[in-house]
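[1] Build me a model:
(4 chains)
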2 protein chains.
Amino acid sequence: MPRSKFISDLHWVREGQQSRSQKTQEALLDAAEALFSDQGADATCVADVARRAGCSVGAVYHHFRDKKALLYALFDRMSEQKSATAREALDPSRWKGASVADILHAYLEFSLATARERPAFMRAGLEASRNDPALLEHLADLHRETNAGLTRLLLAREPEIGHPEPKVAIGFVLDQLAAMMKTRLDNILMPTELSAISDDQFIDETLRSACGYLQVPMPKRDD
Amino acid sequence: MPRSKFISDLHWVREGQQSRSQKTQEALLDAAEALFSDQGADATCVADVARRAGCSVGAVYHHFRDKKALLYALFDRMSEQKSATAREALDPSRWKGASVADILHAYLEFSLATARERPAFMRAGLEASRNDPALLEHLADLHRETNAGLTRLLLAREPEIGHPEPKVAIGFVLDQLAAMMKTRLDNILMPTELSAISDDQFIDETLRSACGYLQVPMPKRDD
DNA sequence: ATTATCTATAGATCTATAGATAATGC
DNA sequence: ATTATCTATAGATCTATAGATAATGC
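    Numbers count the residues shown, from 1 in each chain, chains lettered A, B, ... in the order given. Below you'll find the predicted structure:
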């Protein structure tokens, strides 16, 4: 009985009958999230997840069909949260009177902040999806959903944009921003100048670059 | 007897006495490179490397202290090649009369082309370096070396640059380009709009963005 | 009575080594 | 005689299950 897109017959999660079940499941998901984020799913063994959740290996397999089902359930939980947040944040009525630059600025700040809460989770997801096209497709869907919402907001402000092809430019700039944030967050690993500067400075320069490309005015600030 | 920075007492590679040795070592490195790139080092077992190289597991351990030494030797080989190419390509005398835009354009084209030859090798390296600070440091050095060369070329053209702080801007823009290429190459995995466009279009838009940010003229082309 | 948990372990997989066999080159 | 290779396997680690034990809630 699939509860959502990540949970199929193949990757079932048991629907508990007792109240204990939910607690254990959530403890397991929390433990898995922490460990998978930190080391990747492959490098984490089921026994470690169980230990961290304070239960036994047997309990893990009582609740989740196998290790992969645990991973899927995890992404399910995260994608629910992320979708809900995005839907709310990207509601056009929230952005009356906001400029293109305002929206991009808010997007950068928000994404950096939330990504920092789950430092390496996305990377772990991409790694895991390497041998799992279905998982990859789910992650891509999630990304597309957010992108579509942002694109809608920006397209509504087309007259602001000086770039000759606003549609192309919007697609490009959103991917550019995503690429830069991904690299900055990853680059705890591979330090470049991008990680030497502060978040504020990073957002500032990134925004300056994006506004220059789109040919929209920067948000007024220091002058 | 360390032959180079990657090869220490801990990660030795045997100096062969017979001519067979070199052939086998290179076959093993080639096999490892292909498999590590494709699946990551963790997901590749030594037996697979041996099979692909057409020799036995025992032979692997005759030549390399352990699996990690094989990985180190691989990066050693790659970093030698990359350093040499970079030194040659970034020689200032080659770029007499070239504009900032010309240099960035060449850099984008060249990096994309060479990265495509070894599609996922850098990613495999970053993954492997997660639990190996020394390897990470070597990779960072390699990156810094190229970056320093490029920075030198661009700083020599400081008067061209309209951005109020050319030094900051150069550092930022180089990291931006690296981030975008990394994402584009990785995104065989996570398709965004960046991977939907052609390489030429990608280079074109990326260059347009970079020139806009730096406030340098675009290279003349279609008008 | 049913559901959840635990303990113990079978089976798979992988790294690394020991010891036997084959090739090289002085 | 020395170096390189191969075969076979010990030891470590991890997934998943079987069967015993404990907790829940009708």
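[2] the bottom helix or strand of chain A by mean pLDDT?
    Per-element confidence for chain A was summarised using mean pLDDT, DSSP states H and E. The lowest value among helices and strands belongs to helix A:121-129, with a mean of 81.
[3] The next helix or strand after that one vs helix A:121-129, what angle?
    Next along the chain after helix A:121-129, taking DSSP states H and E as the criterion, comes helix A:133-155. Using axes from the mean of the first three to the mean of the last three CA atoms, to 10 degrees, the direction of helix A:133-155 lies 140 degrees away from that of helix A:121-129.
[4] For helix A:133-155, which outside residues touch it?
    In this structure, residues lying in contact with helix A:133-155 by CB atoms under 8 Å, 6 or more residues apart in numbering or on different chains are A:5-6, A:71-72, A:75, A:79, A:82-83, A:86-87, A:90, A:92, A:95, A:100, A:103, A:107, A:125-126, A:128-130, A:161, A:166-167, A:170-171, A:174, A:178, B:189-193. Quick note: C-beta positions are derived from backbone N, CA and C, even for glycine.
[5] Now, those residues that are in helices?
    A:71-72, A:75, A:79, A:82-83, A:86-87, A:100, A:103, A:107, A:125-126, A:128-129, A:166-167, A:170-171, A:174, A:178, B:193 (DSSP state H).
[6] The contacts of helix A:133-155, buried ones only, as a ChimeraX selection?
    With 16 or more other CB atoms under 10 Å in any protein chain shown as the criterion, this ChimeraX line picks the buried residues out of these:
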select /A:5,6,71,72,75,79,82,86,90,95,100,103,107,125,126,128,129,130,161,166,170,171,174,178 /B:189,190,192,193
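[7] what subset of the contacts of helix A:133-155 is also close to DNA strand D?
    With CB under 7 Å from any atom of the strand as the criterion, the subset of the contacts of helix A:133-155 in contact with DNA strand D is empty.
[8] Below-threshold pLDDT in chain A: ranges please.
    In the predicted model, chain A carries pLDDT under 70 at residues A:1-3, A:187-194, A:220-223.
[9] Residue numbers of it in contact with DNA strand C?
    A:14, A:16-18, A:20-21, A:23-24, A:50, A:54-59, A:62-63.
[10] Mark which of these are buried, thanks.
    Using 16+ other CB under 10 Å as the burial test, the residues of chain A next to DNA strand C include A:Thr24, A:Ala50, A:Cys55, A:Ala59, A:His63 as buried.
[11] Where do the domain boundaries of chain A fall?
    Segmentation of chain A into domains, based on automatic domain parsing, reads A:16-64, A:71-223.
[12] Work out for me the element the residue of chain A found nearest DNA strand C sits within.
    When you check chain A against DNA strand C by CB to the nearest atom of the strand, the closest residue turns out to be A:Gly58, at 2.6 Å. For A:Gly58, the element it lies in under DSSP H and E is helix A:57-63.
[13] Do I have it right that A:Met78 meets A:Glu117?
    No: applying CB atoms under 8 Å as the test, A:Met78 and A:Glu117 come out as separate, 10.8 Å apart.
[14] Among the two, which residue is more densely surrounded?
    When neighbours are counted by other CB atoms under 10 Å in any protein chain shown, A:Met78 comes out ahead of the other of A:Met78 and A:Glu117, with 19 against 7.
[15] and the gap between that one and A:Gly125?
    Distance, A:Met78 to A:Gly125, by CB to CB, to the nearest Å: 8 Å.
[16] Same check on A:Ala113?
    Using CB to CB, one obtains 19 Å as the distance from A:Ala113 to A:Gly125.
[17] what's the answer for A:Asp91, then?
    If you measure A:Asp91 against A:Gly125 using CB to CB, the figure is 26 Å.
[18] got it, and A:Glu109?
    Going from A:Glu109 to A:Gly125 by CB to CB gives 23 Å.
[19] Now the terminal residues of stretch A:80-97, how far apart.
    Between the opening and closing residues of stretch A:80-97 we find a distance of 29 Å, counting by CA to CA, to the nearest Å.
[20] now it, how far from the centre of its chain.
    Stretch A:80-97 sits 15 Å away from the centroid of its parent chain (CA atoms, centre = their mean, to the nearest Å).
[21] Residues contacting that stretch, please?
    Contacts made with stretch A:80-97 from outside it, assessed by CB under 8 Å, 6+ apart, are listed as A:4, A:102-103, A:110, A:114, A:142, A:145-146, A:149-150, A:152-153, A:156.
[22] If we use 10 Å, what do you get?
    Applying CB atoms under 10 Å, 6 or more residues apart in numbering or on different chains, the external contacts of stretch A:80-97 come out as A:4-6, A:75, A:98, A:102-103, A:106-107, A:110, A:114, A:118, A:141-143, A:145-153, A:156-157.
[23] tally of neighbours for A:Lys96?
    Burial of A:Lys96, expressed as a neighbour count using other CB under 10 Å, amounts to 6.
[24] phi, psi of it?
    Backbone torsions of A:Lys96, given as degrees, to the nearest 10, read phi -60, psi 130.
[25] Look up how far A:Phe110 lies from it.
    As judged by CB to CB, A:Lys96 and A:Phe110 stand 18 Å apart.
[26] thought A:Thr44 was touching A:Ala31?
    Yes: because the distance of 9.4 Å satisfies CB atoms under 10 Å, A:Thr44 is recorded as touching A:Ala31.
[27] shared neighbours of the two, which are they?
    Any residue near both A:Thr44 and A:Ala31 by CB under 10 Å, 6+ apart counts here, and that gives A:Arg52, A:Leu70.
[28] can you tell me which residues contact A:Trp170?
    For residue A:170 the amino acid is Ile, not Trp. When the contact criterion is CB under 10 Å, 6+ apart, the partners of A:Ile170 are A:100, A:147, A:150-155, A:157-158, A:161, A:163, A:214, B:193.
[29] hmm, which two among these are most spread apart?
    The two members of the contacts of A:Ile170 with the most space between them (CB to CB) are A:Arg157 and B:Glu193, at 18.6 Å.
[30] I'd assumed A:Ser8 was in a helix, is it?
    No: per DSSP: H, G, I helix; E, B strand; the rest coil, A:Ser8 lies outside any helix segment and is coil.
[31] Leaving out sequence neighbours, find the closest residue to A:Gly54.
    The shortest distance from A:Gly54 to any non-neighbouring residue, by CB to CB, 6 or more residues apart in numbering or on different chains, is to A:Ala27 (6.4 Å).
[32] doesn't A:Arg52 make contact with the one you found?
    Yes: contact status for A:Ala27 versus A:Arg52: in contact at 8.5 Å, counting by CB under 10 Å.
[33] Next one: A:Val168 relative to A:Cys211, how far apart?
    Relative to A:Cys211, A:Val168 is positioned 16 Å away (criterion: CB to CB).
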